[in-house]
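> below are the sequence and a predicted model for it; my questions follow.
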Amino acid sequence: MRAIRALVTGGTSPLGGAICRALARDGHQVIVHGHANPDRAAALAAELGGSSTIFDIADHDATRMACEALLDSGPIQVLVHNAGAHDDVPMAAMTQAQWQRVIGVSLDGFFHVARPLLLPMMGTRFGRIVAMSSVSAIMGNRGQANYAAAKAGLIGAVRALSLECAPRGVTVNAVAPGLIDSPAIAAAVPPEAVKQMVPARRLGRPEEVADLVAFLCSDRAGYITGQTVSINGGMA
């Protein structure tokens with residue numbers, strides 16, 4: 001049986017890498033997307049026996065051309081949109097560029113990458129789309145109006161798209177992680193603050209989120225669609 005092709009945007013981040021590894025473990029042929037770190041994307045792809053693709057997901061035309069090139073080798077039946085951007089600042093001091101950059105990667109990027117893949121995916125009568133949202137979309141966070149708006153927008157897009165895709169065997173869901181261990185989180189959130197913010201009193205592990213994503217991309221999750229699944233240690 002031919003391996004299902006899976007594209008993971010933002011695949012070079014700590015969470016993206018964990019998702020790529022989980023999908024590869026489950027037998028998928030993983031395509032690692034990167035933008036700023038092409039060497040890292042290529043190295044991860046080589047490790048997993050997959051391939052890599054480099055494009056700016058905020059650029060509509062560049063993304064469309066890259067997706068069309070990928071489709072030359074056949075449909076992509078799993079899409080995990082993990083690419084995102086932070087540019088935290090209180091809205092009163094936020095520039096238009098800071099707002100647009102975060103929206104452009106997380107929310108516009110979802111449209112840019114999903115749209116060209118949809119019809120070929122639906123034509124196979126099987127597909128899995130997972131958009132990585134955030135606990136910030138559910139409970140908000142100071143200085144993250146742009147990020148929360150982008151991640152909340154993904155939840156709405158997922159809900160609507162799931163209705164369009166369900167008759168063709170394609171599920172569309174969102175995953176909303178809380179504080180997940182990474183160099184950026186470790187630098188920004190002291191351990192004592194984690195214990196105060198998270199009822200579970202610890203950071204989540206990227207592998208825990210990746211296992212959830214892999215489940216949603218599996219045959220076992222075929223009756224789950226249009227949902228936002230939180231994984232946040234009880235924060236919300």
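All right, it came through fine.

> quick one: buried residues of stretch 58-78?
For stretch 58-78, a neighbour-count test (16 or more other Cβ atoms under 10 Å) marks 58, 59, 60, 63, 66, 67, 70, 71, 75, 76, 77, 78 as buried. (C-beta placed from N, C-alpha, C; glycine too.)

> average model confidence for it?
Averaging pLDDT along stretch 58-78 yields 98.

> low pLDDT regions in this structure?
Along the chain, segments meeting pLDDT under 70 span 1-2.

> what's the closest non-adjacent residue to the spatially most central residue of the chain?
Most central in the chain under Cα atoms, centre = their mean is residue 82, positioned 2.1 Å from the mean C-alpha point. The spatial neighbour of residue 82 that comes closest, neighbours along the chain excluded (Cβ to Cβ, 6 or more residues apart in numbering), is residue 10 at 4.0 Å.

> number of nearby residues for that neighbour?
Using other Cβ atoms under 10 Å, residue 10 is surrounded by 25 other residues.

> ok, it touching residue 79?
No: judged on Cβ atoms under 8 Å, residue 10 makes no contact with residue 79 at a distance of 11.9 Å.

> please give me every residue in contact with the residue nearest to the centre of the chain.
Going by Cβ atoms under 8 Å, 6 or more residues apart in numbering, residue 82 touches 8, 9, 10, 11, 13, 15, 16, 19, 132.

> check the gap between it and residue 169 for me.
23 Å (Cβ to Cβ, to the nearest Å).

> for the longest strand along the chain, output the C-alpha coordinates as CSV.
Using DSSP state E to define each element, the chain has its longest strand at strand 170-177. Below are the C-alpha coordinates for strand 170-177, written out as CSV (Å, rounded to 0.1, in the frame of the first residue of the first chain):
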residue,chain,number,x,y,z
VAL,A,170,-12.0,14.6,4.8
THR,A,171,-11.9,15.6,8.4
VAL,A,172,-10.8,19.1,9.5
ASN,A,173,-9.9,19.8,13.1
ALA,A,174,-8.0,22.3,15.3
VAL,A,175,-5.6,21.5,18.1
ALA,A,176,-5.2,24.2,20.8
PRO,A,177,-2.0,23.7,22.8
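
> and it, what other elements does it pack with?
helix 109-123, strand 127-132, helix 135-139, helix 145-165, helix 206-216, strand 228-231 (3 or more Cβ pairs under 8 Å, 6 or more residues apart in numbering; DSSP states H and E).

> give me the sheet partners of that strand and which way each runs.
If you go by DSSP bridges, strand 170-177 pairs up with strand 127-132 (parallel), strand 228-231 (parallel).

> got the contact list for the following helix or strand past that strand?
Downstream of strand 170-177, the next assigned helix or strand under DSSP states H and E is helix 183-188. With Cβ under 8 Å, 6+ apart as the test, helix 183-188 has contacts from 14, 86, 179, 203.

> spatially nearest residue to the third one (excluding sequence neighbours)?
Ranked by Cβ to Cβ, 6+ apart and with sequence neighbours excluded, the top spatial neighbour of residue 179 is residue 203, at 5.2 Å.

> does residue 201 count as helix, strand or coil?
Following DSSP: H, G, I helix; E, B strand; the rest coil, the label given to residue 201 is coil.

> about what we covered before: my read: the residue nearest to residue 179 touches residue 193, true?
No: counting by Cβ under 8 Å, residue 203 sits too far from residue 193 to count as a contact (10.7 Å).
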